[in-house]
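S.K.: A predicted structure for the sequence below; I have some questions about it.
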Amino acid sequence: MVFEHSTAAQRVLFGSDKAGEFLTAELGRLGSTRPMIITGGSAERAAREITARLEPGLWWDEVVQHVPVELAEKARAAASEAKVDALVTVGGGSTIGLGKAVALTSGLPLIAVPTTYAGSEATDMWGLTENRTKTTGLDPKVLPVTVIYDAALSRSLPVGLSVASGLNGMAHCVDSLWAPKADPINRTFALEGARALTIALRGITADPDDLRAREMALYGCYLAALSFASAGSGMHHKIAHVLGGTFNLPHAQVHATVLPYVLAFNAPAVPEVSARLADALGADSGDATEALSSLYREIDAPRALADIGFTEDGIAEAVERSLKAIPASNPTTPTEENLTALLRAARNGDDPASVSVAAQQA
Ligand SMILES: NC(=O)c1ccc[n+]([C@@H]2O[C@H](COP(=O)([O-])OP(=O)(O)OC[C@H]3O[C@@H](n4cnc5c(N)ncnc54)[C@H](O)[C@@H]3O)[C@@H](O)[C@H]2O)c1
Ligand SMILES: O=C(O)CCC(=O)CC(=O)O
């Protein structure tokens, strides 16, 4: 075995109903007296609750998915004018993404309190969107110094969004199995993450108030993000970034919908790792594609890109952009023909197994 591995260094504080206490202590540890609180949408209520004992230097409540550059510039200027000394995000990946955009240019320390399962809190990846193009980059400045996981804050996440977001985490796990820097360590994180997310999503679907299931989802999404941060973006993420950045489709739903198709496309070329994934998904068949499809039926996961507004006339541009971005290390070679078949099947919600057949014939 020969590989070089690094795992992100950050503090992780985990405890239900403890976010307020943890956050006050962490800001004290950093010596911050003027934090910028970044939140928005349905997470704002949680942000008000956990910051009730603090005096923010700035309260920011405008967030947009995929972080438009203009919004990043506005938040950076406000942070500078208010002379804030730390950044705190309370919300999902969009909120963390904006915090990362400010951290990238200011170098201010970032504390993340995630309320979805997107996992951005555990990566040093930033993303900005300009002129219909999402650009991503890696920078240690954007890695939160501390992550505070409080499952009680994600209990308000509706079941449909919890499922889609949890499958965003699952996509980190699956794509990490063949991403450019895949190695035995991030593969272990990925498989344990997939196991935990499978249990969590079954539990949340059965009872959205199940705190143990919500805790399991946060544990799984953290491992998922660790594996993704270390292994890098594989084929699945490259396609998802095109669909999100160029077609402005909702992030979690895009990941959830495309994942079974990319798995079906690649699994036959990596049978050993695919069998281990099937095991993590709770199946003893050794068939990861079928195991994921079965989980999808059980938790009523999103199925068709058409349902979130992706139209047939977008396929050619999505294929062209994705082909330029998919890493050469991908186990099955993508072509214009097989990628068109993949995106058409994902748009229509066809059986993912059809993609596997098309990929092997190409
Ligand atoms: N850099 C990275 O490593 C990374 C990783 C994953 C995602 N992302 C980015 O994150 C963004 C997507 O994040 P997301 O999927 O979490 O979406 P999001 O942050 O936009 O949240 C989705 C919706 O959930 C609502 N919400 C959030 N928390 C809630 C709660 N506890 N209760 C009720 N509603 C709640 C929000 O108000 C929003 O309407 C994308 O821009 C994506 O590119 C980045
Ligand atoms: O921060 C971003 O916008 C890019 C990274 C990302 O979105 C990871 C993912 O696709 O889940």
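M.R.: Good, I have the coordinates. Numbering: from 1, shown residues only. Ligands and ions are numbered 1, 2, ... in the order given.
S.K.: so what's V145 up against?
M.R.: V145 is in contact with Q10, R11, L30, P109, L110, I111, counting by CB atoms under 8 Å, 6 or more residues apart in numbering. In short, each C-beta sits where N, CA and C put it, glycine included.
S.K.: Drop anything exposed from those.
M.R.: Q10, L30, P109, L110, I111 (16 or more other CB atoms under 10 Å).
S.K.: and those, which of them are in helices?
M.R.: Among these, the ones falling in helices (DSSP state H) are L30.
S.K.: Among the buried ones among the contacts of V145, which ones lie close to ligand 2?
M.R.: When CB under 6 Å from any ligand atom is applied, no member of these is adjacent to ligand 2.
S.K.: Out of the buried ones among the contacts of V145, which is nearest to ligand 2?
M.R.: Closest approach to ligand 2 among the buried ones among the contacts of V145 (CB to the nearest ligand atom): L110, at 13.3 Å.
S.K.: What pLDDT does the model give that closest one?
M.R.: Looking at L110, its pLDDT stands at 98.
S.K.: now the one 4 residues further on
M.R.: The confidence metric pLDDT takes the value 98 at P114.
S.K.: from now on call the first residue 688
M.R.: Yes, from this point I'll number from 688; that puts the last item at P801.
S.K.: Distance of it relative to ligand 2?
M.R.: Distance of P801 to ligand 2, given as CB to the nearest ligand atom, to the nearest Å: 13 Å.
S.K.: how many neighbours does that residue have?
M.R.: Applying other CB atoms under 10 Å, we find 30 residues neighbouring P801.
S.K.: Narrow the contacts of V832 to those in strands?
M.R.: Among the contacts of V832, the members found in strands (DSSP state E) are R698, L797, I798.
S.K.: Nearest to R889 among the residues you listed?
M.R.: R698 (30.0 Å; CB to CB).
S.K.: Test of understanding: give the bridge partners of the closest one.
M.R.: Listed by DSSP bridges, the beta-bridge partners for R698 are T833.
S.K.: check contacts around it.
M.R.: By CB under 8 Å, 6+ apart, the contact list for R698 reads E713, V832, T833, V834.
S.K.: R882 and ligand 2, how far apart?
M.R.: Counting by CB to the nearest ligand atom, the gap from R882 to ligand 2 is 20 Å.
S.K.: if I read this right, that residue contacts A965, doesn't it?
M.R.: No. Contact criterion CB atoms under 8 Å: R882 and A965 do not qualify, at 11.2 Å.
S.K.: Settle it for me: which of the two has more neighbours?
M.R.: More neighbours surround A965 than the other of R882 and A965, with 22 against 19 (other CB under 10 Å).
S.K.: For the helix or strand where the more buried one lies, enumerate the helices and strands it packs against.
M.R.: If you go by DSSP states H and E, A965 is part of helix 958-967. Counting contacts by 3 or more CB pairs under 8 Å, 6 or more residues apart in numbering; DSSP states H and E, helix 958-967 packs against helix 846-863, helix 871-893, helix 975-986.
S.K.: May I see the buried residues of the longest one?
M.R.: Across helix 871-893, burial judged by 16+ other CB under 10 Å covers 872-874, 876-892.
S.K.: How about the first one?
M.R.: For helix 846-863, a neighbour-count test (16+ other CB under 10 Å) marks 847-863 as buried.
S.K.: per-residue confidence averaged over that helix?
M.R.: 98.
S.K.: what about that helix, distance to the chain center?
M.R.: Centroid separation between helix 846-863 and its chain, computed with CA atoms, centre = their mean, to the nearest Å, is 7 Å.
S.K.: In space, what's closest to the one residue in the stretch 738-887 of the chain that gets nearest to ligand 2 - neighbours in sequence excluded?
M.R.: Closest to ligand 2 within the stretch 738-887 of the chain is G814: 2.1 Å, counting by CB to the nearest ligand atom. Distances taken as CB to CB, 6 or more residues apart in numbering put T823 closest to G814, at 4.7 Å, once the chain neighbours are dropped.
S.K.: ditto for A1040
M.R.: A951 (5.9 Å).
S.K.: Show me the strands in the chain, by range?
M.R.: Counting by DSSP E, the chain has strands at residues 698-701, 722-725, 745-747, 773-778, 797-801, 812-817, 820-825, 833-836.
S.K.: got those strands as a markdown table, with distance to ligand 1 columns?
M.R.: A markdown table is the format used below for the strands of the chain (distance: least, CB to the nearest ligand atom, whole Å):
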| stretch | distance to ligand 1 |
| --- | --- |
| strand 698-701 | 15 |
| strand 722-725 | 11 |
| strand 745-747 | 14 |
| strand 773-778 | 5 |
| strand 797-801 | 8 |
| strand 812-817 | 4 |
| strand 820-825 | 7 |
| strand 833-836 | 12 |
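S.K.: wait, which of these is closest to A991?
M.R.: Among these, the nearest to A991 by CB to CB is strand 820-825 (22.1 Å).
S.K.: I figured G1001 was touching F934, is that so?
M.R.: Yes. Here G1001 reaches F934: they are 5.6 Å apart, a contact under CB under 8 Å.
S.K.: intersection of neighbour lists for the two?
M.R.: By CB under 8 Å, 6+ apart, no residue touches both G1001 and F934.
S.K.: ok, back up a step: just the buried residues of helix 871-893 that are near ligand 1?
M.R.: Okay, of the buried residues of helix 871-893, nothing touches ligand 1 (CB under 6 Å from any ligand atom).
S.K.: interface residues of the stretch 738-887 of the chain facing ligand 1?
M.R.: 752-753, 778-782, 784, 802-803, 805-807, 810, 812, 814, 840-841, 843-844, 848, 852, 855.
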